[in-house]
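Visitor: Dropping a prediction and its sequence here:
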Amino acid sequence: MEALSVDTVESQNNISPPEEKCQGTSFPRTCFNGLNALSGVGILSIPYALSQGGWLSLIILFVVALLCFYTGLLLRRCMDSNPIIKTYPDIGEVAFGRKGRALISTFMYLELYFVAVEFLILEGDNLHKLFPDVNFHIAGINIPGKQGFVLLTALLVLPTTWLRSLGLLAYISAGGVLASIILVCSVFWVGAFEGVGFDEKGSLWNWNGLATAISLYTFCYCGHAVFPTLCNSMKNRTQFPKVLLVCFILSTISYGSMAILGYLMYDGNLMSQVNELLHQDSCSDQHCSSGTSHTIFRINKASRKFGAELVIIIFILVVGASVAVVGTYTSLCDIARHAHSN
């Protein structure tokens, strides 16, 4: 997700049709980009989410994955309904006019901006914990370690925003996917061979932590912001549903494995890597998911007829709005509780 920045999104969407057809991204490379978008920092907090909701909350994880996958399919249908649709703002304009375009553009760019800021802060914090004694001295200016790592990370990531081809960016995405695999394997190694073990029982169901669990599960699938870019970049756009299927299946396996391993190892001692920030981002992504479901009503009149699809879309709208409200509320409560305890 971190590599697919605002500049990359815009530059890829501005590629002309002949150029896109000639230099489009292949199916495997698009899968790597999609997996990198989905298998992000959520993997660090998924064991904590399971500890909050209990074992049966894994069912919610699979339901969230199905809903997000389906909204990805709805997004592709929105894009196929009109040849001028290339981005989320285009969808907003077709469905709601210029005001819709302006509103969706505002939310989209705010989400992309805050997600980028969040990743930079996380990287700075993590590197500072690994190298607590490091400080930076540049041209007589003393930069503390944490702030220095944030700036260094930004400089390293910046060149990836200059790439116009997502085919090249797929190599970086492959590195991100590999990092997620290594992380899961490392956790398994610690549990199996470092004396931690998998002896914790956990709870079957926890009503008190269910809201937090749902918010964190939703955050794990916050890739909708880059789905239009991935679709537009493909050589064969008809394969995009298959890309979504592969990405959601593999990422769900990764998340499920990490959640089970972490919960069996540490149970109630688990802590969220980004407890407060994750709720905010799950709210942003649910705006994308539920917004896609809502705009298809305005674009495709046939979808307004009562049927199974209409019921599913309404369910997605309700779930998206609920997660946004409840996630924000629980986040504010957590912030207040931590501030009071300190």
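Guide: Perfect, thanks for sending it. Numbers count the residues shown, from 1 in each chain.
Visitor: Would you state the helices of this structure in chain order?
Guide: Assigned by DSSP state H, the chain shows helices spanning 6-13, 17-23, 27-38, 42-53, 58-80, 88-96, 98-130, 145-157, 166-193, 210-219, 227-233, 240-266, 275-299, 308-341.
Visitor: Could you check the angle the last one makes with helix 42-53?
Guide: What separates the directions of helix 308-341 and helix 42-53 is an angle of 90 degrees, with axes from the mean of the first three to the mean of the last three Cα atoms, to 10 degrees.
Visitor: and residue 210, how many neighbours does it have?
Guide: 18 (other Cβ atoms under 10 Å). C-beta: built from backbone N, CA, C; applies to glycine.
Visitor: what's the nearest residue to it if we skip its chain neighbours?
Guide: Once flanking residues are discounted, residue 210 sits nearest to residue 53: 5.3 Å by Cβ to Cβ, 6 or more residues apart in numbering.
Visitor: Local confidence estimate at the one you found?
Guide: Turning to residue 53, the model gives it a pLDDT of 92.
Visitor: Could you check the pLDDT of residue 82?
Guide: Looking at residue 82, its pLDDT reads 86.
Visitor: Please report the distance of the residue lying closest to it once chain neighbours are set aside from residue 104.
Guide: In space, and not counting its chain neighbours, residue 82 is closest to residue 94: 5.5 Å by Cβ to Cβ, 6+ apart. Distance of residue 94 to residue 104, given as Cβ to Cβ, to the nearest Å: 11 Å.
Visitor: neighbour-wise, which of these two wins?
Guide: Ranked by neighbour count (other Cβ under 10 Å), residue 94 and residue 104 place residue 104 first, with 23 against 19.
Visitor: Identify the residues contacting the more buried one.
Guide: Taking Cβ atoms under 8 Å, 6 or more residues apart in numbering, we find residue 104 in contact with 88-89, 91-92, 291.
Visitor: And it, how close does it get to residue 96?
Guide: From residue 104 to residue 96 the distance is 8 Å (Cβ to Cβ).
Visitor: Could you do residue 114 as well?
Guide: As judged by Cβ to Cβ, residue 114 and residue 96 stand 23 Å apart.
Visitor: how many neighbours does the residue nearest to residue 212 when sequence neighbours are not counted have?
Guide: Nearest residue to residue 212, sequence neighbours excluded (Cβ to Cβ, 6+ apart): residue 52, at 4.6 Å. Residue crowding around residue 52 was assessed by other Cβ under 10 Å; the count is 25.
Visitor: Centroid-wise, who is the farthest residue in this structure?
Guide: Computed with Cα atoms, centre = their mean, the residue of the chain farthest from its C-alpha average is residue 140, at 39.4 Å.
Visitor: I'd like to know the phi and psi angles of it, please.
Guide: Per-residue torsions, residue 140: phi 80, psi 0 (degrees, to the nearest 10).
Visitor: Residue 198 now?
Guide: Per-residue torsions, residue 198: phi -120, psi 50 (degrees, to the nearest 10).
Visitor: right, and it touches residue 262 too?
Guide: No: assessed by Cβ atoms under 8 Å, residue 198 is found out of contact with residue 262, at 10.1 Å.
Visitor: Show me which of these two is the more surrounded one.
Guide: residue 262 (24 against 12).
Visitor: wait, that one sits on residue 44?
Guide: No: applying Cβ under 8 Å as the test, residue 262 and residue 44 come out as separate, 9.5 Å apart.
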